[in-house]
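[1] Provided below are the primary sequence and the corresponding predicted coordinates.
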Amino acid sequence: MHRELRIDDPDAFYERLIELHANRSAADSQLINAKLILMMANEIGDRGVLDELLRALQDDSSKDASG
């Protein structure tokens, strides 16, 4: 799992992502996010990497909940 920034022009990517959500309902934004997650997971394609990412999120969530 890469921790360093690897996106070319991350600010432009973030701006495009925000534009994608502009003027959409919360439900539509959630659907966009779900589709994006699945598309990115398919692009990664490596189940081991995907499981590692899920574990990292689970660990982060546990830390957030405790405090």
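    That came through fine. Numbering: from 1, shown residues only.
[2] mean confidence score for the helix or strand containing residue 15?
    Element membership of residue 15 [criterion: DSSP states H and E] is helix 10-21. On average, the pLDDT along helix 10-21 is 97.
[3] Can you spell out which helices and strands pack onto it?
    Helix 10-21 sits against helix 26-44, with contacts defined as 3 or more C-beta pairs under 8 Å, 6 or more residues apart in numbering; DSSP states H and E. Bear in mind the C-beta positions are built from the backbone N, C-alpha and C, glycine included.
[4] rewinding a little: report the angle between the helix holding residue 15 and helix 26-44.
    If you take axes from the mean of the first three to the mean of the last three C-alpha atoms, to 10 degrees, helix 10-21 sits at 130 degrees to helix 26-44.
[5] what comes into contact with helix 10-21?
    Helix 10-21 is contacted from outside by 7, 29, 32, using C-beta atoms under 8 Å, 6 or more residues apart in numbering.
[6] Tabulate those in CSV, adding columns for distance to residue 20 and pLDDT.
    What follows is the contacts of helix 10-21, written out as CSV (distance: C-beta to C-beta, whole Å; pLDDT from 0 to 100):
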residue, distance to residue 20, pLDDT
7, 16, 94
29, 9, 98
32, 6, 98
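[7] Include neighbour count and distance to residue 18 when you put the residues you listed into a markdown table, please.
    Converted to a markdown table, the contacts of helix 10-21 look like this (neighbours: other C-beta atoms under 10 Å; distance: C-beta to C-beta, whole Å):
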| residue | neighbour count | distance to residue 18 |
| --- | --- | --- |
| 7 | 9 | 15 |
| 29 | 13 | 10 |
| 32 | 14 | 11 |
